[in-house]
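**Q** Provided below for reference: sequence and predicted model.
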Amino acid sequence: MANEDQPYQSVQSDGGTTWVEITSVGTEDEARLVQGFLDAEGIPAQIENLKFSMEPINFGAMGDIRIYVSSTDEQRAMELLRQRDTAYDKLDDDDETLVTDEGQADIAEDAEAEPDDENEPA
């Protein structure tokens, strides 16, 4: 999540909505997970990707992927993200456990891995 010392941005949309940055993450996948989590809680979120794709590393602000919510949803979104982080920190971290937004799920011993690519054979 974003550095607590870093000031957050806000943006005014054409429709009059003020969008407030609530966090920034390092990958697009993580940004989409946060966006999906907030959306599932009824909070629309927007992603702004500032990643500089010419280099394989992050360069501070040029490597940020920012998550924005409406200023009216800011406090609730921040509280939900804090609760989510606290719950995640309490989960067991081992090879036998899968962590989802719904909580902990055990991996069956006879489970087979799904292929990463739809075109790859299982």
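**A** On my side now, so go ahead.
**Q** after the biggest strand by length in the chain comes which helix or strand?
**A** Taking DSSP state E as the criterion, the chain has its longest strand at strand 18-25. With elements assigned by DSSP states H and E, the helix or strand that comes after strand 18-25 is helix 28-40.
**Q** CA atoms of that next one as CSV?
**A** Output in CSV follows, covering the C-alpha atoms of helix 28-40 (Å, rounded to 0.1, in the frame of the first residue of the first chain):
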residue,chain,number,x,y,z
GLU,A,28,-1.6,-3.6,-12.1
ASP,A,29,-2.7,-6.9,-10.8
GLU,A,30,-2.7,-5.6,-7.2
ALA,A,31,-4.5,-2.5,-8.3
ARG,A,32,-7.2,-4.6,-9.9
LEU,A,33,-7.6,-6.6,-6.8
VAL,A,34,-8.0,-3.5,-4.7
GLN,A,35,-10.5,-2.1,-7.2
GLY,A,36,-12.5,-5.3,-7.2
PHE,A,37,-12.5,-5.5,-3.4
LEU,A,38,-13.9,-1.9,-3.2
ASP,A,39,-16.4,-2.5,-6.0
ALA,A,40,-17.7,-5.6,-4.1
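**Q** List the buried residues in that helix.
**A** By 16 or more other CB atoms under 10 Å, the buried positions in helix 28-40 come out as 31, 34-35, 37-38. For the C-beta atoms, the positions are set from N, CA and C on the backbone; glycine is no exception.
**Q** picking up where we left off before, ok, the longest strand of the chain: who's next to it in the sheet?
**A** Using DSSP bridges, strand 18-25 pairs in its sheet with strand 10-12 (antiparallel), strand 65-70 (antiparallel).
**Q** So for A108, which of these sits nearest?
**A** In terms of CB to CB, the element of the strands paired with strand 18-25 nearest to A108 is strand 65-70, at 33.5 Å.
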